[in-house]
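*Asks:* with the sequence up front, the predicted model follows.
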Amino acid sequence: MALTGILLAAGRGRRFAPGGGRNKLLQRLPGGDPVAVASARRLLACVPRVIAVVPPADGGVQAALRALGCEVTICPDADSGMGASLAHAIRHSLPAEGWLVALGDMPFVAQSTLEALRDAVVAGAGIAVPVHGGRRGNPVAFGPVHRDALLAMAGDQGARRLLQAHPVQEVPVDDPGILRDIDTPADLPA
């Protein structure tokens, strides 16, 4: 079984730049990569195929991710929330054997965490989530049994209800990156 990577990069980043003008996914990290590229690079190293979902006007995210090797799909309903973007990406991925769903604004997730989540689903978990210091974080991996539920996602809840309604395998990780995203300019490392 080979999981397909999903990189959700369709959010508007309103907390980062309330007036618009600065796309948080294109801000450079100390190593030089834009935030979304750093997030995608680790995912590409873990699974054979990565689908990145972006909004219609993305300011250059699409080009950066395509150049890295992601399949990019534009979600016309991106503004309606993460659920719509996730369902769009799952539809685009079919047929697929499972999914490793990562967020474009979480570039600090360790490679070993992605691999552990992938391996948990390959070994039979329906849903696998990372846990650090007693807290669940992202990314999340899903087995094929959840395809129809993922396709039915809508709105801004993402997969939260799915995680509440079904058994979840928690994967302990020594990785604070699962809890760290880029929401405001202060979240960018100096």
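*Replies:* Great, that's in hand.

*Asks:* pretty sure residue 42 sits in a helix.
*Replies:* Yes. Counting by DSSP: H, G, I helix; E, B strand; the rest coil, residue 42 is found in a helix.

*Asks:* nearest residue to it other than its sequence neighbours?
*Replies:* Distance criterion Cβ to Cβ, 6 or more residues apart in numbering; nearest residue to residue 42, sequence neighbours excluded, is residue 111 at 5.3 Å. Using the backbone N, CA and C atoms, a C-beta is placed for each residue, glycine as well.

*Asks:* repeat for residue 83
*Replies:* Closest residue to residue 83 apart from its sequence neighbours, by Cβ to Cβ, 6+ apart: residue 153 at 3.8 Å.

*Asks:* count the residues that sit near the residue nearest to residue 42.
*Replies:* 13 (other Cβ atoms under 10 Å).

*Asks:* cool, and residue 172?
*Replies:* 11.

*Asks:* mind checking how far the closest residue to it other than its chain neighbours is from residue 167?
*Replies:* Excluding the flanking residues, the one nearest residue 172 by Cβ to Cβ, 6+ apart is residue 131, at 5.3 Å. Using Cβ to Cβ, to the nearest Å, residue 131 is found at 15 Å from residue 167.

*Asks:* between these two, which one's more packed in?
*Replies:* Per other Cβ under 10 Å, whichever of residue 131 and residue 167 has more neighbours is residue 131, with 17 against 8.

*Asks:* then residue 101 would be within a helix, right?
*Replies:* No. Counting by three-state DSSP, residue 101 is not found in a helix; it is strand.

*Asks:* which parts of stretch 131-150 are buried?
*Replies:* 131-132, 137-144, 146-147, 149-150 (16 or more other Cβ atoms under 10 Å).

*Asks:* rewinding a little: where does the residue nearest to residue 42 fall, phi/psi-wise?
*Replies:* The phi/psi pair for residue 111 (degrees, to the nearest 10) reads phi -60, psi -40.
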